[in-house]
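A.B. asks: The sequence and its predicted three-dimensional model are supplied below.
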Amino acid sequence: MTSTGSNREFSRRHLLGIAGMSAEEIGFLLDLSDGYVDLNREADKKQSLLHGRTLINLFFENSTRTRTSFELAGKRLGADVINMSVGSSSIKKGETLIDTAMTLNAMHPDVLVVRHSDSGAVNLLAEKVNCAVINAGDGSHEHPTQALLDALTIRRRRGKLQGLTVALCGDVRHSRVARSNMYLLDAMGARVRIIAPPTLLPTAAERFGVEIFHDMRAGLEGCDIVMMLRLQTERMQGSYVPSTREYFHFWGLDAEKLACAKPDALVMHPGPMNRGIEIDSELADDLTRSVILDQVELGVAVRMACLDALAAHNGAG
Ligand code: NCD
């Protein structure tokens, strides 16, 4: 595959969130990603679109999938990739987020991929630097590339997004994945259900235009896609759930509850999974239902597509 360079459909400087993106922009990124899925299955995956460019992964929160896939994406497009480890940087010495960003900016990176525990931190940083910024997850706000890879996974399996019923289950309150998915699925004409205990609903959940259920079996009835979310205890101050055992009993996905959804409903999870808490371990590994590893595979292609699309607006392509 050769680099597209033809990114007139996508003229953003940064990728900070799905909110405000049009169906055309989302469709454009998904189409571009499809090409990169094919490339990633070839023996020779290397392209030169970003040759000479520098990508810095700046992660203030832990990550396995997202950081690795941005690194692979950058390298496969020919960029030089630097991973900033917060533990060994001056951030530990008290340097602020903005100071760190300005310091890195002075070294002329072309793309900063940023993850931070505060909602809004990545938007703030994007105002201060003159390179492209990609939000790799900010607090419980947005995680746009995750929603894109989820959409690509669904679209490749079902051929469409429009008209599908997608259930987002569990800790929606703390989930940036859920928030980005709600915006994306709404833009693409899918129906969204939230299935969660009242304590784990986002405040004013109705404003997302979703259907809300407090019973797993009722909520899963007729669903095409069942997206499980991790119980994000690191974002909880106080007690949101009685015990993890009880949580699994009521809110954990197992084969018996899944039987309420459509017979061919797909099971998704952004990872990392808490096996036996939000999802039954055997079901997570059941490749006839679970597309969790597809999500990981397609994540690399989506991140390549995002880098490709942003490069055109930032001086390449
Ligand atoms: C998600 C995240 O970090 O928001 N993980 C990911 O990016 N694959 C979900 C989570 O942490 O539960």
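C.D. replies: Nice, thanks for sending it over. Small disclaimer: the values here were computed from a predicted structure and weren't measured.

A.B. asks: in this protein, which ranges drop under the pLDDT threshold?
C.D. replies: Within the chain, the segments meeting pLDDT under 70 span 1-8, 87-94, 313-317.

A.B. asks: 90 instead?
C.D. replies: For the chain, residues meeting the criterion pLDDT under 90 lie at 1-11, 62, 64, 84-101, 202-209, 232-244, 311-317.

A.B. asks: Flag every residue of it that's near the ligand.
C.D. replies: 65-66, 137, 143, 146, 176-177, 230, 232, 270-271 (Cβ under 6 Å from any ligand atom). Just so you know, the C-beta spots here come from the backbone N, C-alpha and C atoms, and that holds for glycine as well.

A.B. asks: quick one: which of those residues is nearest to Y247?
C.D. replies: R230 (11.6 Å; Cβ to Cβ).

A.B. asks: Which residues are in contact with that closest one?
C.D. replies: 170-171, 175, 269-274, 278 (Cβ atoms under 8 Å, 6 or more residues apart in numbering).

A.B. asks: repeat that with 6 Å
C.D. replies: N274 (Cβ atoms under 6 Å, 6 or more residues apart in numbering).

A.B. asks: just checking, it is part of a strand?
C.D. replies: No. R230 is assigned coil when assessed by DSSP: H, G, I helix; E, B strand; the rest coil, not a strand.

A.B. asks: re the thing from before, mind checking which of the residues of the chain next to the ligand are in strands?
C.D. replies: G137 (DSSP state E).

A.B. asks: and the residues of the chain next to the ligand, which of them are in helices?
C.D. replies: 65-66, 146, 176-177 (DSSP state H).

A.B. asks: Of all pairs in those residues, which one is the farthest apart?
C.D. replies: R65 and R176 (13.9 Å).

A.B. asks: Counting neighbours, go ahead and name the busier of those two.
C.D. replies: R176 (25 against 16; other Cβ atoms under 10 Å).

A.B. asks: now the helices for the stretch 51-200 of the chain?
C.D. replies: 65-76, 97-105, 121-128, 144-158, 176-187 (DSSP state H, counting those that start in this stretch).

A.B. asks: contact partners of the first one?
C.D. replies: Helix 65-76 is contacted from outside by 45, 55, 57, 59, 81, 113, 136, 271, 296, 299-300, 303-304, 307, using Cβ under 6 Å, 6+ apart.

A.B. asks: now it against helix 144-158, angle please.
C.D. replies: Going by axes from the mean of the first three to the mean of the last three Cα atoms, to 10 degrees, helix 65-76 is angled at 80 degrees with respect to helix 144-158.

A.B. asks: Just the CA trace of helix 65-76, in CSV.
C.D. replies: C-alpha atoms of helix 65-76 as CSV (Å, rounded to 0.1, in the frame of the first residue of the first chain):
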residue,chain,number,x,y,z
ARG,A,65,-2.3,-1.6,24.0
THR,A,66,-2.6,2.1,23.3
ARG,A,67,1.1,3.0,23.8
THR,A,68,2.4,0.0,21.9
SER,A,69,0.1,0.4,19.0
PHE,A,70,0.9,4.1,18.6
GLU,A,71,4.6,3.1,18.6
LEU,A,72,4.1,0.4,16.0
ALA,A,73,1.9,2.7,14.0
GLY,A,74,4.5,5.4,13.9
LYS,A,75,7.3,3.1,13.1
ARG,A,76,5.4,1.3,10.3
